[in-house]
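**Q** no letters, just coordinates:
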Ligand SMILES: Nc1ncnc2c1ncn2[C@@H]1O[C@H](COP(=O)(O)OP(=O)(O)OP(=O)(O)O)[C@@H](O)[C@H]1O
Ligand SMILES: [Mn+2]
């Protein structure tokens, strides 16, 4: 056997040498070689076969060795080890930027259900990019992240198959038939060219009418710097989402929950390029008016404190900081209660340097920018409360969480009326308001216009229920659209001071319900529905808030706030029952003539 192998090996060596010598060979030598090869063809094949077997055996041995002895050397590096090498947390400024890549990918999952299958390495790559760019003003990182946060108001990441939110919105109580709106029931309407009645009629046009196509075109001809060219016509499909939102405002609600434009508005607010940022006047705290290239605008409230920091118990409601997450959560809660009385609000991570400081034309605002000792970009603006170096709004180092609320139509085309709330607090450290001293206060309110007629009283009570649930004590005024007179809903604007405390329920907010013992039947039935396990308020709100782009960074409301909502809801329902035990006309029947499935619910 060994001889045979040796023999075959010598043939291989011979062939090898022959090949080496080929360079200077004579034709005679080549001829000899061919003859020899023919003679040796069969033994050579056997040698090849033997060598293949040998090689295979050696490979198998090597593999065994590798698996048993050097097992760790064959294992791929774990994700945690790779993540730590990609995400060095070297400095406090970077903390937020570091945590955001995973969050941006998880919030991207709201637009793509497959994204939570993203390989860890791709998330880490993002983290790496983000850290690099945050040192170069963080400009690209924030913009890139924003592109991925496009899930705004779109698809909810489905952790479970069953969606309580979907089930809630499919319930008949959330699909009550509405009368077909007449022309007068819309806040605005688009004037056609025929309506305009030719040249010279402009001064006679009513203020509540959106200008005709020809006027829009004229406006676009005198284009302002940076703004898009206006190509809208009277056709709804040509309108940007913010304009469709304005055109959808009716006598009864700000938006129709089922209108696909609602998701487009939040998406728009979350993703449009910021063209302008100036301070907005009115109110007491810092807020900015943001402009987008196609003439849309938003009201910005910055994050000033962490989501979970509870308001100091010794701070008066009028001294409390405004919270960006409260504005976002209030919009979702109001929608869940079936009110639709808060303009769409969405969270966004902005770059304070490129999206405020470098573009603002507001000198009063730009003068307040500074770099903090750890290198974060901060500003404080000019306003009544908390606009000083001691209360700066800071990026990390440039990235800042904000809430963006869709702006209502300008007051020049849709004037609003501001009403002092009958249950307004005294806004004094020493005095009590009338309603706090007089148990029969509501009797007087009920006799006073506009509360003596129509739905205004139950509207204010709806608002009190919303405010009690979210702990908002700061409802001194409310607004309505002038055009609709007293026959309209009330706007729930300014919710920045809600969700300040979860450990305390402020029962005085419920005074309108307790003192008047009246509530809309539809509101009561929805509240009862939200107390059932299948539609539990905390569950549906958690699910709804997951739609917001900022939810990927941290839940917009902590679990403590969510469970406080369930507790407070039970208090409201108990309050109604107590009233029902004392009075007969507690439920204001706004469902007359609608005998639907909701009636079958036990009382
Ligand atoms: N989405 C909106 N569109 C148009 N105007 C709005 C919008 N939200 C608020 N406003 C207007 O801006 C004013 C100031 O806003 P807001 O009440 O939120 O500020 P604030 O500083 O919280 O006020 P306050 O200190 O009185 O509580 C409101 O009274 C309202 O008229
Ligand atoms: Mn406020």
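**A** Perfect, thanks for sending it. Computed from a predicted structure; not experimentally measured. Ligands and ions are numbered 1, 2, ... in the order given.
**Q** residue numbers of the stretch 351-500 of the chain in contact with ligand 1?
**A** Taking Cβ under 6 Å from any ligand atom as the test, the list of the stretch 351-500 of the chain residues beside ligand 1 reads 405, 407-408, 474, 493-494, 496. (C-beta placed from N, C-alpha, C; glycine too.)
**Q** let's see it at 8 Å
**A** For the stretch 351-500 of the chain, the contact set with ligand 1 under Cβ under 8 Å from any ligand atom comprises 383-385, 405-408, 416, 418, 474, 476-477, 479, 493-497.
**Q** the closest residue to ligand 1 within the stretch 501-603 of the chain: what's it in contact with?
**A** For the stretch 501-603 of the chain, the residue closest to ligand 1 is residue 509, as judged by Cβ to the nearest ligand atom, at 15.3 Å. If you count contacts by Cβ atoms under 8 Å, 6 or more residues apart in numbering, residue 509 has them with 464, 467-468, 471-473.
**Q** let me have those residues in TSV, adding pLDDT, secondary structure and distance to residue 316 as columns.
**A** Shown next, in TSV, are those (pLDDT from 0 to 100; DSSP: H, G, I helix; E, B strand; the rest coil; distance: Cβ to Cβ, whole Å):
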residue	pLDDT	secondary structure	distance to residue 316
464	98	helix	19
467	98	helix	16
468	98	helix	18
471	96	coil	14
472	95	coil	14
473	93	coil	9
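**Q** from these, which is closest to residue 542?
**A** Closest approach to residue 542 among the contacts of residue 509 (Cβ to Cβ): residue 471, at 17.4 Å.
**Q** the closest one against residue 501, yeah?
**A** Yes. Shown here, residue 471 and residue 501 form a contact pair, counting by Cβ atoms under 8 Å, at 5.6 Å.
**Q** who has more neighbours, these two?
**A** Here residue 471 and residue 501 are compared on neighbour count by other Cβ atoms under 10 Å; more neighbours surround residue 471, at 23 against 18.
**Q** what's near enough to touch that one?
**A** Residue 471 sits next to 498-502, 504-506, 509, 564, 568 when contact means Cβ under 8 Å, 6+ apart.
**Q** what segments of the stretch 251-400 of the chain are helices?
**A** Per DSSP state H, counting those that start in this stretch, the stretch 251-400 of the chain carries helices over the ranges 261-271, 324-336, 352, 363-366.
**Q** quick one: which of these is nearest residue 188?
**A** Sorting the helices of the stretch 251-400 of the chain by Cβ to Cβ, the top spot, which is the nearest, belongs to helix 261-271 at 14.3 Å.
**Q** for that closest one, give the mean pLDDT please.
**A** Mean pLDDT, computed over helix 261-271, is 97.
**Q** helices or strands up against it?
**A** Helices and strands in packing contact with helix 261-271 are listed as helix 139-148, helix 241-247, strand 345-351, strand 399-406; criterion 3 or more Cβ pairs under 8 Å, 6 or more residues apart in numbering; DSSP states H and E.
**Q** need the next SSE after the longest one, C-terminal direction.
**A** Toward the C-terminal end, the helix or strand that comes next after helix 139-148 (DSSP states H and E) is helix 164-170.
**Q** mind giving me the packing neighbours of that next one?
**A** In terms of contacts (3+ Cβ pairs under 8 Å, 6+ apart), helix 164-170 is packed against helix 537-545.
**Q** what is the helix it packs on packed up against?
**A** For helix 537-545, the packing partners by 3+ Cβ pairs under 8 Å, 6+ apart come out as helix 164-170, helix 324-336, helix 559-582.
**Q** hang on, the earlier thing: tabulate the helices of the stretch 251-400 of the chain in CSV, adding columns for mean neighbour count.
**A** Below are these laid out as CSV (neighbours: other Cβ atoms under 10 Å):
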stretch, mean neighbour count
helix 261-271, 23
helix 324-336, 26
helix 352, 26
helix 363-366, 14
